[in-house]
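Peer 1: Let me see the structure of the following:
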Amino acid sequence: MATDTLFEQWRANPREGNEFGLAWFLANEFCKRFYRSHGIVPHVINHEGLGYYGLQLTELACEARPRAGEPLGRLTMYGNVENWLTGEPGDHGLKTHEMLKRGVATAEIVSLAIEYLDIRVTPTRSHYSCRHHRWGSSYILLFDIVTRLVLSHPGSDLIVANSPGDEYLGLLMRKHESCLAMKEHPGAFYVSANDRSVLIAGDGRVLDGSERNVWHEFMSGATTDSIVDSLRSQLARGQ
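Peer 2: Residues are numbered from 1 along each chain as shown. Just a heads-up that it's a prediction; the model follows:
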């Protein structure tokens, strides 16, 4: 099932404890469009004491941009859009959550979110030689997979981390990622539910001591749906 279709199902019947579908869907739309070409990635914000705080749009440090750029803004927990370059944190300038409740078409919400953050269609510098450009398809696939897990999860116990600044994710990476020192490391996703978890590097390697690689599975013919189902089963209670 396409992510667009899954989002429309979530939109028609949002479940209690699963209120973050709009934020993740919009973040996925940004990732699909701007990760490879611009080096822009949505990172989950986890603040001690506050917990899940939405997703921040961040410019990666890469070959074309030696240091990470200023954060562009944030998608709040419920999907409102903040532009931190023209506004300030907390401005909630684009109230996409209200648009959702009013019945504004999904495609229009996506277009308005991109317009509000004022991201140039053509990047200001070439990222052709950057890792995120050359090998970014696996990261985009993983972000889409995680978005589907969020949209379809029945409760509020799903935890996701993908920010390099996340303390717990950093601890896990130092423990399980043998390639952590590689130049322009592709990052990772930590997903947990039902006291079970999975850690996947941005290039698709499942960091559990096995030889599994989600990207290789996809490139060998596995559908995105089948990969999502396998990860959902891995996170399911009693499996």
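
Peer 1: Could I get the phi/psi values of the closest residue to A188 other than its chain neighbours?
Peer 2: Beyond its immediate neighbours in the sequence, the residue positioned closest to A188 (Cβ to Cβ, 6 or more residues apart in numbering) is A201, lying 4.9 Å away. All C-beta spots, glycine's among them, are computed from the backbone N, C-alpha and C. Main-chain dihedrals, A201, degrees, to the nearest 10: phi -70, psi 160.

Peer 1: wait, what's in contact with A201?
Peer 2: Each residue near A201 by Cβ atoms under 8 Å, 6 or more residues apart in numbering is listed here: E177, C179, P186, G187, A188, L207.

Peer 1: Name the member of these with the most neighbours.
Peer 2: Of all these, the highest neighbour tally under other Cβ atoms under 10 Å goes to A188, namely 26 neighbours.

Peer 1: Run a quick check on that residue versus I200, I expect a contact.
Peer 2: Yes - applying Cβ atoms under 8 Å as the test, A188 and I200 come out as touching, 6.3 Å apart.

Peer 1: what touches both of those two?
Peer 2: Counting by Cβ under 8 Å, 6+ apart, the contacts common to A188 and I200 are L207.

Peer 1: neighbouring contacts of the helix or strand harbouring L6?
Peer 2: With secondary structure defined by DSSP states H and E, L6 is part of helix 3-12. Residues from elsewhere that reach helix 3-12 (Cβ under 8 Å, 6+ apart): N18, G21, L22, F25, N28, L100, T106, D144, T147, R148, L151, S152.

Peer 1: same thing with stretch 189-198?
Peer 2: 142-143, 146, 149, 153, 155, 157-162, 166, 168-169, 172, 199-200, 202, 206, 208, 231, 234-237, 239.

Peer 1: Now for V228: which residues touch it?
Peer 2: Shown here is V228, whose contacts under the criterion Cβ under 8 Å, 6+ apart are I145, R148, L149, S152.

Peer 1: list the helices and strands the helix or strand harbouring the third one packs on?
Peer 2: This points to L149. L149 belongs to helix 136-152 when assigned by DSSP H and E. Packed against helix 136-152 by the contact rule (3 or more Cβ pairs under 8 Å, 6 or more residues apart in numbering; DSSP states H and E) you find helix 3-12, helix 21-38, strand 159-161, strand 188-193, helix 214-219, helix 224-235.

Peer 1: quick one: buried residues of that helix?
Peer 2: Counting neighbours by 16 or more other Cβ atoms under 10 Å, one finds that the buried residues in helix 136-152 are 136-152.
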